[in-house]
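Novice: I would like the atomic coordinates for the input below:
(one chain, ligands or ions: 1)
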Amino acid sequence: MSRLDSTLGTTFDIAIIGGGIIGCGIARDAALRGLSVALFEQHDYGSGTTSGSSRLIHGGLRYLEMFDFGLVRMDLRERETLLRIAPHLVKPLEFLVPFYGTSWFYRAKMRAGMILYDLLSHGKTLPNHRMLSAKEVLKAEPLLKAEGLRGAACYFDAQVESPERLAVENITGARDHGARTFNYAAVEGALQQDGRITGVRVRDRLEDSVIDVKAKVVVNASGPWFDRVASHLVPGSQPRVRTTKGVHLACAHPPNRAVVLFSPVDRRLFFVIPLRGFAWVSTTDTDFRNDPSEACASAEDVDYLMRSASAYIPVLNDAPVFWTNAGIRALVSQGGSESSVSRAHKIESRPGLVSVLGGKITGYRAIAEEATDAVEGQLGAAHPCTTARHKLPGMRSPLEEQCVHLADFMMRRTSLSFTPDQGRGVVENVARLLAVQLGWSAERTYAEVHAYLAEIGNTYLKS
Ligand SMILES: Cc1cc2nc3c(=O)[nH]c(=O)nc-3n(C[C@H](O)[C@H](O)[C@H](O)COP(=O)(O)OP(=O)(O)OC[C@H]3O[C@@H](n4cnc5c(N)ncnc54)[C@H](O)[C@@H]3O)c2cc1C
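Specialist: Next comes the predicted model:
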């Protein structure tokens with residue numbers, strides 16, 4: 001008997017494809033509204049782009065420059081909401097924008113941007129921006145290069161050290177309100193009646209069985225897999241998302257606060273962020289057309305990030321790079337350079353199907369609200385959204401959090417893999433403890449350790 005057999009005989013109000021932050025957010029929102037919810041994730045919750053992000057909860061100063069005021073305003077509002085509903089996961093983070101040899105006009109422009117950023121987040125709990133002299137900057141960030149430094153702007157945004165846990169806790173919250181959610185369950189096609197989608201065909205990847213699940217509305221929340229999933233649901237559908245790869249690396253010498261810099265290689269904005277005791281250098285932005293599961297850092301990506309960062313933080317020249325991480329952005333299709341494409345999301349609704357394109361982690365709750373409103377529009381219902389009021393549930397036992405593999409525990413239920421050795425030193429002990437909880441045999445425990453080491457093998461650079 002498959003885990004999924006328990007869905008037989010039910011026609012769900014909503015079946016969600018994808019257990020990234022957005023799918024998990026929709027599951028929680030819909031369950032809190034009293035809808036019957038099923039969610040299917042082909043791998044583990046939060047294992048897609050959600051785990052390949054820079055881990056910032058931010059309006060994004062950069063988007064001001066692109067005149068994306070609507071996006072910035074929404075994300076700044078959501079930043080406040082997340083600080084309130086997930087204070088154990090989302091924490092304030094100070095950012096510093098140093099000015100190196102910049103013109104008076106540039107500094108005035110930056111100051112105007114800071115004032116606008118404060119105005120757009122009117123009513124926030126975080127402090128307003130302040131300007132620092134070069135001397136104050138070096139006192140605050142002694143690792144920064146002194147030569148050419150003219151001062152800096154300082155402002156606050158927030159950080160989510162584990163967006164994976166943000167996803168998992170949305171799942172737990174959804175399950176607490178009756179949602180049926182399945183990781184390692186891939187949607188392979190749609191059920192159709194009279195041209196309308198009436199459910200999904202799902203492969204249980206743990207038991208290799210296939211089952212049809214009926215639903216009144218199906219939601220495609222598969223992030224960078226969007227076009228692949230859409231082609232299963234609606235044969236002949238045209239590509240809608242542009243996918244670009246972003247790489248991060250973890251290395252020694254963290255700054256005291258997040259530093260916003262412009263690469264001397266191509267003038268692109270990038271960050272050096274303190275994260276769990278290392279410097280998290282973020283990110284590249286290059287078109288990527290393969291399966292998003294194949295994304296990983298290339299030697300050129302690492303070289304670009306290290307050359308960019310060490311130009312301002314000289315000690316990084318010799319810093320060991322511990323490991324890398326890559327994620328694939330799903331941007332609503334448009335031309336232009338990768339970095340110039342808007343990060344704004346789009347929700348589309350047609351009978352039986354709601355599609356979520358693009359979006360950021362920061363805005364996930366609002367995006368989920370909009371998507372659930374669209375689902376309710378099709379169901380003829382209009383319950384109020386309450387996700388901005390209810391705190392996320394916090395940590396539960398591995399069983400309650402649907403932890404299937406050792407890698408799920410190391411990378412997404414905890415952050416044990418977020419250490420310089422990616423948890424190699426503790427993984428065997430953790431596996432033994434987990435084996436007791438999850439009833440694994442000695443062979444299974446051994447295989448789990450090997451599978452974990454293989455999973456991090458792609459990203460582990462230090463010899
Ligand atoms: C380099 C980089 C940096 C970023 N930095 C930030 C940041 O600092 N702050 C911020 O707010 N945002 C950031 N983002 C954006 C953010 O990470 C994404 O917008 C967000 O994670 C998208 O979530 P999602 O749920 O749409 O996609 P995903 O997390 O990719 O989830 C989609 C899920 O669908 C599943 N799936 C696919 N096909 C199927 C199928 N057939 N059946 C079942 N499941 C399926 C996948 O396995 C995946 O888990 C960044 C993105 C990148 C790439």
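Novice: now do the residue minimising distance to the centre of the chain, the pLDDT please.
Specialist: Against the mean C-alpha coordinate of the chain, by Cα atoms, centre = their mean, the closest residue is residue 50 at 2.5 Å. On pLDDT, residue 50 comes in at 98.
Novice: with just CA atoms, put stretch 215-226 into PDB.
Specialist: Taking C-alpha atoms only, stretch 215-226 is exported to PDB below (Å, rounded to 0.1, in the frame of the first residue of the first chain):
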ATOM      1  CA  ALA A 215      -8.700  18.200  -7.300                       C
ATOM      2  CA  LYS A 216     -11.000  21.100  -8.100                       C
ATOM      3  CA  VAL A 217      -8.100  23.400  -8.800                       C
ATOM      4  CA  VAL A 218      -4.500  22.500  -9.500                       C
ATOM      5  CA  VAL A 219      -1.700  25.000  -8.600                       C
ATOM      6  CA  ASN A 220       1.600  25.000 -10.500                       C
ATOM      7  CA  ALA A 221       4.100  26.300  -8.000                       C
ATOM      8  CA  SER A 222       7.100  24.500  -9.300                       C
ATOM      9  CA  GLY A 223       9.400  27.500  -9.500                       C
ATOM     10  CA  PRO A 224      12.100  27.000 -12.200                       C
ATOM     11  CA  TRP A 225      10.500  23.800 -13.200                       C
ATOM     12  CA  PHE A 226       7.400  25.800 -14.200                       C
END
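Novice: for residue 316, give its distance to the ligand.
Specialist: Between residue 316 and the ligand the computed distance is 19 Å (Cβ to the nearest ligand atom, to the nearest Å). C-beta here means a position set from N, CA and C on the backbone, and glycine is covered the same way.
Novice: skipping adjacent residues, who's closest to that residue in space?
Specialist: Residue nearest to residue 316 in three dimensions, not counting chain neighbours: residue 310, with 4.1 Å by Cβ to Cβ, 6 or more residues apart in numbering.
Novice: give me the contacts around stretch 59-72.
Specialist: 73, 75-76, 79, 97, 113, 116-117, 120-121, 155, 157, 260, 269, 340, 342-344, 360, 362-363 (Cβ atoms under 8 Å, 6 or more residues apart in numbering).
Novice: so which of those residues sit within strands?
Specialist: Among the contacts of stretch 59-72, the members falling in strands are 97, 155, 157, 260, 269 (criterion: DSSP state E).
Novice: now the helix or strand of the chain with the lowest mean pLDDT, how far from the centre of its chain.
Specialist: Lowest on mean pLDDT, DSSP states H and E among the helices and strands of the chain sits helix 61-65, with a mean of 78. Relative to the centre of its chain, helix 61-65 is centred 19 Å away, using Cα atoms, centre = their mean, to the nearest Å.
Novice: now swap in stretch 342-355 and tell me
Specialist: Worked out by Cα atoms, centre = their mean, stretch 342-355 lies 19 Å from the chain centre.
Novice: ok, that stretch near the ligand or not?
Specialist: No: judged by Cβ under 6 Å from any ligand atom, stretch 342-355 stays clear of the ligand, getting no closer than 7.3 Å.
Novice: in that stretch, what's buried?
Specialist: 342-347, 349, 352-355 (16 or more other Cβ atoms under 10 Å).
Novice: which of these scores worst on pLDDT?
Specialist: Scoring these by pLDDT puts residue 342 last, at 71.
Novice: how about that residue: what's its closest non-neighbour residue?
Specialist: In space, residue 342 is closest to residue 68, 5.9 Å off (Cβ to Cβ, 6+ apart).
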